[in-house]
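J.: next come a sequence and a model predicted from it.
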Amino acid sequence: MGILSMYTENLTIDGLRLTRDEKSHGIITNAADAMHLISSKGKLIIKNSQVEGMVDDALNIHNNFYQAEEINANKLKVFRTAQSNMVNEYYKNFGIGDTVAVYKGSTLELKAEAVIKNIEILDRCYAVWELDKELPDVEKGDIIENLSTQPQVLVENCSFGKSNTHLRIQTRGKTIIRNCATELPIMFTGDTNYWFEASPVKDVCFEGNRFIGSRAHVSACPEYNASEKAPYYHSGIKVINNTFDSEMPLFARYTKDIEFVNNIQNGGKEFRFDLEHTENFTVKEK
């Protein structure tokens, strides 16, 4: 990793230069993610930075889903899959005082919310939480999300490129990406089946950015089980006053409430969109 943060609050990255120049010894700048930020709180600001040439993601902001193992009154035994993060059992993804949500199976169908009062570590993958209430409806395999680690994100005056990777953003906090240049796709992912990286985005605005080359676009591509009561994963995405080289600026699945306003295709061509299981998609032109 370049910059790796775990359970941090109010983090600012200003003036990061991750790039290859004539003094560099290799052909890549970083062997993994340039910025990998897990379970953040408060405000996360990334500005005035140049990030390129890495092997993995330029940026990855996420939490991790845990799974319910068993419930006994207000004692919840939880399971963290080994794939969800390559760290030991004392890595802090959930803390005392955090509010958690429990969902039905691998859907986002809400069953209950509670506050963690105490944590007992059992081994690398299992822990027991004492909650502030009993959760009688919780079943083995239900996924659990930390609602307290949802940072507000501002990314501005940055450039991302020269890499076959992505920028991944997974937070419910208000997110603004403005005045940036990217050759890489900006992706809203989230999955409940392998990496268990959370959460859905709810309020995102792209404004005044340059999407350079055929790969640079906005993509909402969650991997989870949709249900009748929770048919969408992401929502609240606004793409305003940006320029795109690609004719396909937006890919979205299981996402609702998308606005695409006053954007420009650099070749003067008509935009095309790839949408699947979406709702309330609006396009407005100048």
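T.: Alright, I've got the coordinates. Residues are numbered from 1 along each chain as shown.
J.: pull the contacting residues for the closest residue in space to residue 88 that isn't next to it in sequence.
T.: In this structure, residue 88 finds its nearest non-sequential neighbour in residue 124, 6.2 Å apart by Cβ to Cβ, 6 or more residues apart in numbering. To be clear about C-beta, it is placed using only N, CA and C from the backbone, and glycine gets the same treatment. With contacts defined as Cβ atoms under 8 Å, 6 or more residues apart in numbering, residue 124 is in contact with 82, 88-89.
J.: closest to residue 15 out of those?
T.: If you rank the contacts of residue 124 by distance to residue 15 using Cβ to Cβ, residue 88 comes first, at 32.1 Å.
J.: using the three-state scheme, assign the closest one.
T.: Following DSSP: H, G, I helix; E, B strand; the rest coil, we place residue 88 in the coil state.
J.: may I have the phi/psi pair for residue 162?
T.: phi 50, psi 50 (degrees, to the nearest 10).
J.: now it, nearest residue through space, not along the chain?
T.: Using Cβ to Cβ, 6+ apart, the closest residue to residue 162 is residue 52 (4.0 Å).
J.: please name the residues that touch the one you found.
T.: Contacts of residue 52 by Cβ under 8 Å, 6+ apart are 18-20, 29, 58, 159-163.
J.: list the residues that contact the residue nearest to residue 266 when sequence neighbours are not counted.
T.: The spatial neighbour of residue 266 that comes closest, neighbours along the chain excluded (Cβ to Cβ, 6+ apart), is residue 245 at 5.1 Å. For residue 245, the contact set (Cβ under 8 Å, 6+ apart) comprises 211-214, 216, 265-267.
J.: if we can go back for a sec, from residue 79, how far out is the residue nearest to residue 88?
T.: Distance, residue 124 to residue 79, by Cβ to Cβ, to the nearest Å: 11 Å.
J.: equivalent analysis for residue 43, please.
T.: Residue 43 sits 31 Å away from residue 79, taking Cβ to Cβ as the criterion.
J.: neighbour count winner among the two?
T.: With neighbours defined as other Cβ atoms under 10 Å, residue 43 and residue 79 compare such that residue 79 has more, 18 against 15.
J.: verify the stated contact: that one with residue 69.
T.: Yes. Between residue 79 and residue 69 there is a contact under Cβ atoms under 8 Å: 4.7 Å.
J.: who touches both of the two?
T.: By Cβ under 8 Å, 6+ apart, the residues touching both residue 79 and residue 69 are residue 126.
J.: so is the residue nearest to residue 88 in a helix, a strand, or just coil?
T.: Looking at residue 124 with three-state DSSP, the answer is coil.
J.: just give me the neighbour total for residue 70.
T.: 13.
J.: typo on my end, residue 27
T.: 7.
J.: relative to residue 186, how far out is the residue most central in space within the chain?
T.: Nearest to the geometric centre of the chain sits residue 170, at 1.6 Å (Cα atoms, centre = their mean). According to Cβ to Cβ, residue 170 and residue 186 sit 12 Å apart.
J.: that's a helix at residue 83, yeah?
T.: Yes. Under three-state DSSP, residue 83 falls within a helix.
J.: surely it meets residue 197?
T.: No. Residue 83 is beyond contact range of residue 197, at 9.9 Å (criterion: Cβ under 8 Å).
J.: if you count what's nearby, which of the two comes out ahead?
T.: Using other Cβ under 10 Å as the criterion, residue 83 and residue 197 rank with residue 197 on top: 22 against 12.
J.: hey, what's the closest residue in space to that one that isn't next to it in sequence bridged with?
T.: Distance criterion Cβ to Cβ, 6+ apart; nearest residue to residue 197, sequence neighbours excluded, is residue 62 at 4.3 Å. Assessed by DSSP bridges, residue 62 has beta-bridge partners residue 38.
J.: and residue 62, what is it in contact with?
T.: Neighbours of residue 62 in contact, by Cβ under 8 Å, 6+ apart: 37-38, 168, 170-171, 189-190, 197-199.
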